[in-house]
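Visitor: one predicted model, sequence on top.
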Amino acid sequence: MEHRVVITGMGIYSGIGENLKDVTDSLYQGKSGIIFEQIRKEIGFRSALTGMVKDPDLKPFLSRRQRIGMHQPAMYAYMATKEAVENAGLDIDYLNKTETGLIYGNDSTAGSINETINKIREKKDTTLVGSGAIFQNMNCTVNMNISTIFKLKGINFTLSAACASGSHSIGMSYLLIKQGLQERVICGGAQEINPIAMGSFDGLGVFSAKESTPTKASRPFDRDRDGLIPGGGAATLVLESYESAINRGAPILGEIIGYGFSSNGDHLSNPNLDGQHRSLRMALKQAGINSNDVDYINAHATSTPIGDGIEAQAIYDVFGSKVAVSSTKSMTGHECWMAGASEIVYSMLMMQNKFIAPNINFENPDEITSKINIIAETREQNINTFLSNSFGFGGTNSSLIIKKYN
């Protein structure tokens, strides 16, 4: 027996807001969270632009013992998960007595590793590093911290898939619930924003150089796009079987109906049209819908010349020219390991509030991006079904389809 999979909670901690309400306002207003950070220039960055996310103060919520193993990814994830769990009407006592899984997307802990290495070199005594360092440094830091804080008893692993990590974490949680292997799974994605985490990425020369106009620099699909801007934070969703949600009287926010995935099997960093076609078509086939049933696409589009063009062509090939398209990365920058989860939250907020967030800074299309219907200004519109794309280094592709719950 296959189960319907619904979304019963969500939470967000990002550069455009630290909770669902503030993020909704930013999306509607087309408000950018991108800044120029001087420290990046001082340590040799080609581009000092970033989506800024401050470290939260966890002292009101967690003991020192609970905080000691947390660095940026886990800190951000805690804030997003706290909101998602509350949003879903769950509490720790209930989670402790029932089986709830955790699959979270994360692909780096560079900031904490750098701090640990520096302490070892300075002190020349590993016993002075601190007992929390090992838990901060491991790639599964989010899962270790969140699962213990919230007393989770189900499946527990970290999903690492570059910039598709957050999306695949939702997709895998969906499959487990659909197959009856889990009743409920908390899932999402986290991304650290400290400069150390982004140094080698900046070294590839793929970040925007428009430092004099930070809020105008991220220009997905625009003819004058010159590179992405890194962002970060965390986004969490609570997924449940339809039966579980109904039995506990949970709020049902939406239903996941399709998950498409593929691997390019080609280049380490370049996108691939065939791989995107296969991911999109698989999602539609699994959802049992036609391309014209999709009202909105939250594009992966990161503001790179090649990547945006490939995705625009893939969208045109599969969906044609009418479906509304925007990239929220125009406001947030590229949230990397978090993006596939945060963009589901952003799109869910649009669905709930009946609008499409703008692809800000889209002023002039190029030959390829002119083929699709890019929404440059906030549009009031009912969204019954949306699709979200996430594509990552190594050629990993993920497409999720969510519909409004009726």
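Guide: Nice, I can see it. No experiment lies behind these values; they were computed from the predicted model shown.
Visitor: so what's the nearest residue to Leu128 once chain neighbours are set aside up against?
Guide: In this structure, Leu128 finds its nearest non-sequential neighbour in Lys119, 6.7 Å apart by CB to CB, 6 or more residues apart in numbering. In short, each C-beta sits where N, CA and C put it, glycine included. Applying CB atoms under 8 Å, 6 or more residues apart in numbering to Lys119 gives the contacts Leu128, Val129, Gly130, Ala133.
Visitor: okay, buried residues for the helix or strand where Lys119 lies please.
Guide: For Lys119, the element it lies in under DSSP states H and E is helix 110-123. For helix 110-123, a neighbour-count test (16 or more other CB atoms under 10 Å) marks Ala110, Gly111, Ser112, Ile113, Asn114, Glu115, Thr116, Lys119 as buried.
Visitor: count the neighbours of the closest residue to the fourth one other than its chain neighbours for me.
Guide: Translated: Ile113. Closest residue to Ile113 apart from its sequence neighbours, by CB to CB, 6+ apart: Asn137 at 5.0 Å. Neighbour count for Asn137, taken as other CB atoms under 10 Å: 20.
Visitor: quick one, strands of the stretch 251-400 of the chain?
Guide: 254-263, 296-298, 324-326, 355-356, 373-374, 379-380, 385-392, 396-403 (DSSP state E, counting those that start in this stretch).
Visitor: ok so, going back, how far out from the middle of the chain is the helix holding Lys119?
Guide: 28 Å (CA atoms, centre = their mean, to the nearest Å).
Visitor: now stretch 394-406
Guide: Relative to its chain's centre, stretch 394-406 lies at 12 Å (CA atoms, centre = their mean).
Visitor: got it, and stretch 47-61?
Guide: Put simply, stretch 47-61 sits 16 Å off its chain's centre (CA atoms, centre = their mean).
Visitor: and it, how far apart are its ends?
Guide: In stretch 47-61, first residue to last residue: 36 Å (CA to CA, to the nearest Å).
Visitor: in that stretch, which residues are buried?
Guide: Quick answer for stretch 47-61 (16+ other CB under 10 Å): Ser47, Ala48, Leu49, Thr50, Gly51, Met52, Val53, Pro56, Leu58.
Visitor: that one - what's its average pLDDT?
Guide: In this model, stretch 47-61 has a mean pLDDT of 97.
Visitor: tell me who's in contact with Ser321.
Guide: The neighbours of Ser321, taking CB under 8 Å, 6+ apart as the test, are Lys371, Ile372, Asn373.
Visitor: can we see that at 10 Å?
Guide: By CB atoms under 10 Å, 6 or more residues apart in numbering, the contact set of Ser321 is Ile315, Ser370, Lys371, Ile372, Asn373.
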